[in-house]
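S.K.: fold the following and give me the result.
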Amino acid sequence: MTKFQNQAAKFLFLILFLTATLLSCKSKDKIDMTNTDHLETATFGAGCFWCVEAIFQDLKGVHSVVSGYAGGHVENPSYKEVCSGETGHAEVAQI
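M.R.: Next up is the predicted model:
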């Protein structure tokens, strides 16, 4: 492959990548967030609240996602304390 062909292939890949990225950024359906009468709450503990939070934030119909800790015996623990495993808390996401 010549230098020109290599550059052309890289450019084509970049164009295809950017096109796919832009097409995947479609707008989400609008949800009436003013009426919360129909909402329910669930709390999930899945080892890492950041991962759970990221997944649920993108789901249609989810009003909010709040990360935090559940259980445990230390009042208002820090992230570092929870990660030590000595507070008895679990990382959770409330949906």
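S.K.: only C-alpha atoms from now on, for both contacts and neighbour counts.
M.R.: OK.
S.K.: show me the helices in this structure, by range?
M.R.: Ranges of helices in the chain, per DSSP state H, are 3-24, 49-57, 79-83.
S.K.: and the shortest one, what's buried?
M.R.: Okay, so that is helix 79-83. Buried residues in helix 79-83, counted by 16 or more other C-alpha atoms under 10 Å: Val82.
S.K.: that one packs against which elements?
M.R.: Using 3 or more C-alpha pairs under 8 Å, 6 or more residues apart in numbering; DSSP states H and E as the contact test, the elements touching helix 79-83 are strand 89-94.
S.K.: sheet partners, orientation included, of the strand it packs on?
M.R.: Strands adjacent to strand 89-94 in the sheet, as given by DSSP bridges, are strand 43-45 (antiparallel), strand 66-71 (antiparallel).
S.K.: to His89, which of these lies closest?
M.R.: Among those, the nearest to His89 by C-alpha to C-alpha is strand 66-71 (4.9 Å).
S.K.: mind checking the pLDDT average for the closest one?
M.R.: The pLDDT scores in strand 66-71 average 84.
S.K.: related to what we said a few turns ago, mind checking which of the strands paired with strand 89-94 is nearest Val92?
M.R.: Comparison of the strands paired with strand 89-94 against Val92 by C-alpha to C-alpha identifies strand 43-45 as nearest, at 4.2 Å.
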